[in-house]
Every structure is written in C-alpha cells, then in structure tokens.
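Participant: Structure for this input, please:
(4 chains)
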There are 2 protein chains.
Amino acid sequence: MSACCPPSSGPRVADATLDDARLARLAKALAHPARIHIVRVLLERRSCIGCDLVDEVGLAQSTVSEHLRILKQAGVITGRIERPRICYSLAPGALAPLAALLASVLEQDAAGIWPATPAED
Amino acid sequence: MSACCPPSSGPRVADATLDDARLARLAKALAHPARIHIVRVLLERRSCIGCDLVDEVGLAQSTVSEHLRILKQAGVITGRIERPRICYSLAPGALAPLAALLASVLEQDAAGIWPATPAED
DNA sequence: CCAGTCTATCGTCAATCGACGATTTACGTT
DNA sequence: AACGTAAATCGTCGATTGACGATAGACTGG
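Facilitator: Numbering: from 1, shown residues only, chains lettered A, B, ... in the order given. Down below sits the predicted model:
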C-alpha cells in the first residue's frame, strides 16, 4: 500500500485546515472572469472609478457592484470614497499567501525531474 | 469624470476575455479547501496514491474523486496508472499564468507608493 | 476463475453562485 | 428644495457546485 508515499513523517500541521480554507477563499475571489478582469484593469491603471469599471466589464451595474463586493470582502481591493464616486485600488499583500503557494508549485517545476508525466487523461 | 483614469489609451488586447476566462478557470480549480489540501499534499510528498488522498482529505471516496477530476481537468495534476492504483502528481506549469498574475500584483505592492489606502469598508 | 482492491461514474439533493432589474442611499449641483 | 449621478442592496430565478451512497469497471492475487 502506497509504495510511493513516505510514511507521512513530516510535521503534520495541526490547523492546516484553516490555511486551506483561507487559500481557497482567495482563489474563489478570483474564480470568475469578471473579477480577473477587474484585477487586471486595476493593475494597468493604478486605480479606477467604479462606474468606469462597469463600462470596462460590460455587465450590469448591480452585477459589477457584487463582484467588487466579493473582491473587497476577500481583501483583494479597497475603495476610497471620492463622492459621489468610489475609487478602487488593488490591495496587494492580500494575495500573498496564494501567490506563495503557486510559487512553491512552480518552484518544484523548476527543480523538476518530472518523469515525463505520461498521464492517463 | 474619472479624473484618475487615463483615457484607456493603452493597447487594448482584443482577446483579453479569453485570458480572463482561462485564469478564472485556474483559480476556480483551487477555489475549494479540499483541492487546496490535495495540492499541498502533492507538494509535500512528490506524488501520492489516490486512496491515500481519500484518507488525507477525509471526505467520501467519490467526493475526493470528483475533486481530483476537477484538478485534472484544469491541468493542475496528472495521474499515472499503477494498477490498480493511480499515482497523482502535480503538473506544475499549468498554474504559471495565474502565478504570473499574482506576481504582478505583488510586484506592484513592492513598488508600492500606495497612498495610505484609507478604505471605506 | 472468483474475490478483493482501487477508481470512476451516476443519480440525487441541498446550497451557493451569477445575473438582472428595481429600489434605496448618499452625495454634489443647479 | 428639486434634480442628477454613482454605488449598494434587495428579491428573484436559473445554473452550477459539492456532498453522498450505490454501482460499475479494471485489474491483481489467491
């Protein structure tokens, strides 16, 4: 049984579940084309007024507002009030944990002595 | 109107929508604690037999199988047949586009002359 | 060749998501 | 004070997701 898996000798992190949930929440915040689009717009321009984002994304105002709410709740963006508008900016850092995980994965790629991955797809 | 947004003079990429969808699909593949957990297990050990993952994740076998299917479909993992088992490994590289986006965001953080972000949460 | 093991698929059900229009809130302007 | 604009919230509806048990498929070992 499990010939290729060492007997789980590594330090079993107790509350890894919490991290899993946190990372999953971050990923979920990005798990929609409209939200990716918003992040990219905010990455190009340094910040952007909400109503411009509505034009940019091409969905109803209420829908875009909902996507902004999700991103804000995840901490990915922040909004500074400029009445009657709101100026959104990226809140970097928030994505750091997810970026770190992905970096680890890519790192293993670089180290990669991957045995050709014949796959079974 | 939109005092802080330049008039969108930048090179408007025609099929940015496709990239958005692609990135969103990758993020979605990671948008669940169980799938994050699987990725992390595969990152620690270099590869792992499916039935061990079932133990590790702690959900029903059929549920774990479904999560594995999602990750496989997104290209995040591959499975090599070792009858009657299947040995799963990370397929790095697949996550590169998402990692690149996140790296860009964090990079802007580093450059960061962020104006104190007073927020309106 | 039959039994056992591991994995994938199917069917079902509750819960969540995503989109929209309509409405409300909160301002600046005239 | 009345109006206009930008954003958030509400209610609804269809689609998707996530979980599970049951079942089917594929091969190994006795």
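Participant: okay, and for chain A, where does confidence drop off?
Facilitator: By pLDDT under 70, the low-scoring segments of chain A are A:1-15, A:109-121.
Participant: what's in contact with the strand or helix carrying residue A:54?
Facilitator: Here residue A:54 sits within helix A:50-57, counting by DSSP states H and E. Residues from elsewhere that reach helix A:50-57, judged by Cβ atoms under 8 Å, 6 or more residues apart in numbering or on different chains: A:34, A:37-38, A:41, A:48, A:60-61, A:64-65, A:67-68, A:79, A:85-88, B:2, B:5. All C-beta spots, glycine's among them, are computed from the backbone N, C-alpha and C.
Participant: Can you check what angle separates the following helix or strand past that helix from helix A:50-57?
Facilitator: Using DSSP H and E, the helix or strand that follows helix A:50-57 in sequence is helix A:61-73. With axes from the mean of the first three to the mean of the last three Cα atoms, to 10 degrees defining the directions, helix A:61-73 sits at 110 degrees from helix A:50-57.
Participant: tally of neighbours for residue A:91?
Facilitator: 21 (other Cβ atoms under 10 Å in any protein chain shown).
Participant: helix/strand/coil for the closest residue to it other than its chain neighbours?
Facilitator: Spatial nearest neighbour of residue A:91, excluding adjacent residues (Cβ to Cβ, 6 or more residues apart in numbering or on different chains): residue A:78 at 4.7 Å. Following DSSP: H, G, I helix; E, B strand; the rest coil, the label given to residue A:78 is strand.
Participant: is it true that residue A:78 touches residue A:71?
Facilitator: No. Residue A:78 lies out of contact with residue A:71 (Cβ atoms under 8 Å); the separation is 9.5 Å.
Participant: what about those two, which has more around it?
Facilitator: residue A:71 (25 against 21).
Participant: contacting residues for the more buried one?
Facilitator: Going by Cβ under 8 Å, 6+ apart, the list of residues near residue A:71 reads A:29, A:35, A:38, A:39, A:77.
Participant: angle of the helix or strand that residue A:102 is a member of against helix B:96-111?
Facilitator: If you go by DSSP H and E, residue A:102 is part of helix A:96-111. Inter-element angle recorded for helix A:96-111 and helix B:96-111: 120 degrees (by the same axes, to 10 degrees).
Participant: So what sits opposite residue A:47 in the bridge?
Facilitator: In this entry, residue A:47 is beta-bridged to residue A:89, by DSSP bridges.
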